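J.: the sequence and its predicted three-dimensional model are supplied below.
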Amino acid sequence: MTRTPVVLLLVSWILWVPAPPIPAQEEAPSAEAENEPYPEHTFRLYSRRQVELRLRPDVGLRVPLLAPVFSPRTADFGDRDRVRSWPQSSVAFSLDFFNADGERDSAKAQEFRDLDGDAAVGVDAQYRSERTWLRLTGRQLLLDDQDARLELRRVGVLAAKLDLNQIPHRYAFDAASLYDGVGTLVLSIPDASQAFLQGSTSVVDAAARLSELVAGASRHDLGHRRDRLGFELDLTAFDPLAVELVVKHETREGTRPWSGSFGLANVVEIPWPVDYETREVALSAEYKLPRTLVSGKVRVSEFFNDAHAVAFDNPWRLVDSGPFTALTSTFEEGPASGLIDLYPDNRQEEAVFTFVRSQLPGKSSFFATLSQGRLEQDDPLFPYSTNTALTGAPFDPSDPGNRPVTRADAQLDTRLVDLRWTSRPADVFGLQVHYRDYELDNETAQVFIPGFAPEDAYWRPYGGTAGGFTNLPIAHAKSELGLELAFHLAAGTRLTLDYEHEDVDRELREVERSEEQRLKLSLDAKPAPWMDLRASYLVAERDAEEYDFAQFFRNQGIRFIPVLSFLRKFDQADRDRDRAQLMASFYPTESLVLGAQLIVGEDDYPESSFGVLDDEHQVYSVDLSWAASARLSLFASYSFERYQVAIAGREWIAFGPGDPFRTEPGLDSPSNWSADTTDEIDSVAFGLEVELIPERLRLDLAYTWSKSDGMIAYGSPIGEVDNNPGTPADFAAVDDVTWYNLNPELEYTVGERLAISLAYVRERYEILDFNDEGFELVPTAPDGSFNGGLFMGTLPLDFDLDVVVLKLKVGI
Amino acid sequence: MSRVTVTALAGLSLALGLAAGPQPEDATATSATPATPAPAVFMGAEVCQQCHFDRFESYQNSPHALAGDPRTPAAKQACETCHGAGGQHVDGGGGRGVGGVKPFNATMTAEAKNAVCLECHARGIVALWPGSMHESRDLACTDCHSIHSGHTKLLAEASQPPVCVRCHQQIRAQLMRPSHHPIREQKLVCTDCHNPHGTVSERLISATTINDKCYECHAEKRGPFLWEHPPVRESCLNCHEPHGSTHEPLLRVKRPLLCQRCHNTVGHPSVLWARTQDEEAAGLSPYELRRQGLPATMLFQRSCTNCHVNLHGSNHPSGKLFHR
C-alpha cells in the first residue's frame, strides 16, 4: 500500500509529460506515384516474409519448433494506403492442441519445457500510433514454460517492459527414495527401516536388506521451476539525460537430486530442497552530449534461501556412533543422520561509473569505466556435527555453543578500472591502448578451527602447528595492459596486431604471481565482393613464479601434506597457448552463402608432470544458406569437433606405495597413471522454408542431429609394488549421446484472419555411458556385498518423443 | 627469444610490408560519391516507396517510423536519413549505385555503414562500441541487424542465436549438445550474457566479470563462503562450458577427471578401473566389470561430488573438504 502513491505519481507523470511535437515532414514531390496501381494489402496475421538477399536467408541454429511454441512476429499493419494511417492495432491468438507420446520416458525430454499438458495459448497484441507503441506477447500460456511480455513505448518519454518467464528444470522422473519429506528440509526414514538395516549381519546381508527396502521405495519427480519477473523502465523525456530502472524478481522452488554421504562406504543420493528467491534493483543514468557521455549505475541483488540446510537420515544407522572407523563403515558405525549446509543468503552491491570522450585529436576516443562492488553473507553457522557420539573431540561437536564462530561474516570487495583509448591518426592506421585492473579482496575473517567431522562420521583433529587450522580467505588481482595496432590495407581489409600483458596476483594459492604475454594477429579481408575472409592466430605464454604445492596446508597450519607434490594445477601452471581460426564466407550469388570455419587450439603445460599436460581442440564447420527464390530458402550445416585432454596422476598411500615424500620421491613410479580423454562430436542442422502455394500453404522444416563419442584411455606402468594392480581399462563409452530433432510444420492460411497449421516433432535421445552400464540403485560387488552407494535413479535416460500439434492462428 | 616475440616480429613485418607495398585496387569502396558533391535534394519517402515498396513497408512497421519521436528517421528525412539524399538517384532513373545513395551492401565498408548508425545509436548498450571486439574485426551493424527485416530489435534473423552463430559456428554446435542452457528452448538468448556492442569484460560479457554474469542467475553460488574453492571463485569457466557440453552439468571434462586436473590426493582411488591380468585374459570389458559392481561407487555417478557435495563453497564448520 505504501508503494501505491509512488506508482500513481509515476503514472500521472507519464501521462502528463507531453510528447514532443511531431516535426513537419518534407512534402513528397511526386504526384505521379499516387496514380500508380497499388498492390493489394490486406490484414495478415504476420508480416509478409522479407527475404533479405544481401544477408544470409537463414544461417543460424534452427531452433526446434517445439510443440506449443508460438513465435510472435511483427504484425503487418497493411492497409490499402501506401503510407500508413495511425493508429493501427492488431491482435493475433494461437491456440495449440497437442498430443505427446514418450514425454515421460526421461526427464531429459522435458528438461526445460512442458509437454505434459494438451493445450496452450499464444497471443500477440499490438497497438501503435505515431507516439505510442504497445505490445503484449505471450507464448505457451497455460503451460509450465510460459512466458509473456508487455511493452510500452511513448516516444520521447519512456519505454517500459514487463516480463514473465517460467523455465522448468526437470532432473528426474520417478526417482526412488526411502525418505519421507522429499522437498522439505528434513528427509527422514522410518526408525524401523533404519533398525532393520543397522541389524545387518554382513555386507552381503546388508545389500539384500537394502534392496528389499528400495523395492518398496516411493517415487518422486525431481525438479524445480524458475519463475522470473522483470520490469524495465527507460525514461527519455529529459534528453540528453536518460534514466533506467530495472527490477527483477526470481523464485525457484522444488528439488534437485544431489548427494549426501556418511563416509567412503556410505554414499546416499538425496533430493536437495530448493527454495530460492532473488531480488535485484538497478538504477542507472546516462548523460550524453555530442562529444561526451557520462553514466552511472547502482545495482543491488539479494538472494534468500529458505532451505538453509537439509537434514537427512542415515539409512544404515538408527543410533549415533562415531569412532574413526565410521568413515569406512556402512552399518557397523556412523551417525544416525547428517546435515548439509545449503547455500547461504547473500547480497551483492555494485556501482559502475563510465566516462566517454570522443572526437579528440587524431580521431581519438577515450573510455573509462570504474566499478566498485561487494559480496557479503552472514549466515549463522551450524554445529560441527549432528552426531552426538563423536569421540576424540575436545568438546561436544553437536553443541551449537561450541561453534568456532556464530556467523560466517564473509565479505568480498571488488574493484575494476578499465581504460581504453582508441585512435585513427591516419586512414591506414589505427591504434588502441587498453588497461584493465580488477581486484578481489577477501575481507572474510580467518577462523581458527580445532578439528572437524567429515560427513558427520568421526572427529578428525588436525594436529597442526597451533592444534588446529583455519579457513583461507583467498583473493586475487588481475591487471592487463594491451596495445592494438590496426593496418587498414585496403577498403575492407584490416590486419591487426594485438598484444596483451597480464599480471595475476593471488593470495593463499600455490602461485602467488604469474604473468602472461599474448599476441594475436588478425586479418579481416574482403578480397572480392563475393568473399569474406577472417583469420586469426593467437600465441601466449604464461610464466608462473615458484609453485608452492604445500601452501594450502601450511597456511592453514596443517603439517601433513596429502597431495602429490609434482602436480601443477592447470589454472596456475606455466602454459603455452596457441589458437588459430580461419573463417571464409562465399557469396557466389546474392542468394547463396557458403561458409567454412576451422578452429584449432592447444594449451601445453611444459612444466607439468602431473595434472593437465596438454589440452587440444579442433573444430571444422561448413554451412550453406540459399534463398532459391522468394518462396524457398534452405540452410544446412555440419560441424565436427574434437577435444583431447591429457592428464596424469598417481595412486598413492601415505608411507606406502607411491608416496612422493617417502617411498617414491621421484617422478617415476609404477603407481603413476595417465588418462587421455577424447570427445568427438558431429553436429548437423538442416532447415527449409517453402511457400508451397503463394500466400496459402507454407512448410517449415527443421532438423538437428548430433552425436558425441567420448573416450577415456588409461595407461600405467605395470608391476612391482603398484596400486594399479593390472591393466587400466579404457572406457570407450563416455557420454556417447545421439540426439536428433525433426520438426516439420505445415501452415495453411484459410483467410485473412485464420491460419491452421499441423506440426510434428520427432525427437530421439540415446545415451551410452559407463555409468549407465550395469547401473543399479543398490550397487553390489561380485560377491553380492554392498558396494557403498544408494542411488535414486537420476542419470539421464533415453527417450523417444513424438508430438503432434494442431495450431489455430486467429487474427482480430 | 620467446614465441610471442617471434610472432610479434613476424606479424609486424607482414603488416609493414603489406602497408608499404602497392595498395590493391579498391574494388569494394563505394564509387558513388562524386568528386564535387551536388546539393542534397531530398525526395521524401513518398517517392522512395514507389520503387522500393517492400522496404518501405517494413520500415513503416519498424520503430524507425515512429514519427512522434524527434530522434527517428521518420522525424527527419525518412529513408534518406540513412540512405542519403535521393535527388540524384531519382534524376538518374534509379538503379544500383546511381546517384550516390548509400546501399548498405558489399560496396560500402563496415566503417561507412556503421557511421550512419552511430550518428544516433552511440549510447546505452552501444556506448563502448569503438574499439570493441566486433568493431576491431570490421563488423558492420548491418551484419547482424537488418532495418527491413521486421524482426524484434531489427535483427537479421527471427531470433538472436541464429544471428550470432553465423560466425560462431562452434557455438552453434555446442548449443546442440545434451547439456546446455535453455537457448534451444528459446528461454535464454545470447544477450542475456553478452553485449555484442562492447563491454569492459572478456568475451563481451555484459558484467564486470564472467562470474558476476553467472551469479545473476545462479545467485546461490556467489557466496562468499567460509570455505572457498579457489578456482570456483576465479572463474566458473575453469570447470564449466556454458554453451554446451556432452558432460552433465555443462562440465568441460567428465568426472572424476575434471577434479583430477588439480587434485591427486592421498588414499583416494583415482583410476576408474583396471583389469587384473586374469580379467584381461578373460576379455572382461569395463562394462562387465561394472556389472559385477566394480570399482568403488565413489568414482561413479557424481564421482568426487558424491561426497564433496558443496564444491562451490561451504559455510559449515566441518565443510573444509566441502562434505557438508
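T.: Arrived safely, thanks for sending.
J.: CA only for contacts and neighbour counts going forward, please
T.: OK.
J.: low-confidence bits of the stretch 151-300 of chain B, can you list those?
T.: Across the stretch 151-300 of chain B, the stretches falling below the confidence threshold (pLDDT under 70) are B:272-297.
J.: can you map out the helices along it?
T.: Remark: helices assigned in the stretch 151-300 of chain B by DSSP state H, counting those that start in this stretch are B:160-164, B:169-175, B:210-217, B:230-234, B:257-260, B:277-281, B:286-291.
J.: can I get the longest one as CSV, trimmed to CA atoms?
T.: I take that to be helix B:210-217. Taking C-alpha atoms only, helix B:210-217 is exported to CSV below (Å, rounded to 0.1, in the frame of the first residue of the first chain):
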residue,chain,number,x,y,z
ILE,B,210,32.4,-13.8,-16.0
ASN,B,211,31.5,-14.9,-12.6
ASP,B,212,29.4,-11.8,-11.9
LYS,B,213,27.4,-12.8,-15.0
CYS,B,214,26.9,-16.3,-13.9
TYR,B,215,25.8,-15.1,-10.4
GLU,B,216,22.9,-13.2,-12.0
CYS,B,217,21.0,-16.5,-12.5
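J.: on that earlier part again, any chance of the helices of the stretch 151-300 of chain B in TSV with mean neighbour count and distance to chain A as columns?
T.: Compiled in TSV, these are given as follows (neighbours: other Cα atoms under 10 Å in any protein chain shown; distance: least, Cα to the nearest Cα, whole Å):
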stretch	mean neighbour count	distance to chain A
helix B:160-164	22	3
helix B:169-175	24	6
helix B:210-217	18	8
helix B:230-234	19	7
helix B:257-260	21	7
helix B:277-281	12	6
helix B:286-291	20	4
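J.: quick one: closest of those to residue A:416.
T.: helix B:210-217 (12.4 Å; Cα to Cα).
J.: next one: the closest one to chain centre, how far?
T.: Relative to its parent chain, helix B:210-217 has a centroid offset of 16 Å by Cα atoms, centre = their mean, to the nearest Å.
J.: wait, what's in contact with the closest residue to residue A:458 other than its chain neighbours?
T.: Across the structure, with Cα to Cα, 6 or more residues apart in numbering or on different chains as the measure, the residue nearest residue A:458 apart from its sequence neighbours is residue A:322 (4.8 Å). With Cα atoms under 8 Å, 6 or more residues apart in numbering or on different chains as the criterion, the residues that contact residue A:322 are A:333, A:334, A:335, A:387, A:389, A:390, A:391, A:457, A:458, A:459.
J.: phi first, then psi, for residue A:322.
T.: Comment: the main-chain dihedrals of residue A:322 come out as phi -150, psi 50, following degrees, to the nearest 10.
J.: partner residues bridging it?
T.: residue A:390 (DSSP bridges).
J.: that's a strand at residue A:624, yeah?
T.: Yes - remark: residue A:624 belongs to a strand, assigned using DSSP: H, G, I helix; E, B strand; the rest coil.
J.: please name the nearest non-neighbouring residue to it.
T.: For residue A:624, the nearest residue in space outside its immediate sequence neighbours is residue A:594; the separation is 4.6 Å by Cα to Cα, 6+ apart.
J.: who's that neighbour bridged to?
T.: Beta-bridge partners, per DSSP bridges, of residue A:594: residue A:586, residue A:624.
J.: correct me if wrong: residue B:256 contacts residue B:299.
T.: Yes - taking Cα atoms under 8 Å as the definition, residue B:256 is a contact partner of residue B:299 at 6.5 Å.
J.: hmm, back to that, ok, the residue nearest to residue A:458 to residue B:268 distance?
T.: 22 Å (Cα to Cα, to the nearest Å).
J.: and the gap between residue B:310 and chain A?
T.: For residue B:310, the distance to chain A under the criterion Cα to the nearest Cα, to the nearest Å works out to 8 Å.
J.: run the chain-centre distance for the strand or helix carrying residue A:137.
T.: For residue A:137, the host element (DSSP states H and E) is strand A:132-141. Taking the mean of its C-alpha atoms, strand A:132-141 sits 27 Å from the chain's own mean (Cα atoms, centre = their mean).
J.: in its sheet, what does the helix or strand that comes right after it sit against?
T.: Remark: after strand A:132-141, the chain's next helix or strand is strand A:147-154, criterion DSSP H and E. Under the criterion DSSP bridges, strand A:147-154 sits next to strand A:132-141 (antiparallel), strand A:158-177 (antiparallel) in its sheet.
J.: which one of the helices of the stretch 151-300 of chain B lies nearest to residue A:298?
T.: Of all the helices of the stretch 151-300 of chain B, the one in closest proximity to residue A:298, counting by Cα to Cα, is helix B:210-217 (14.5 Å).
J.: much appreciated, bye for now.
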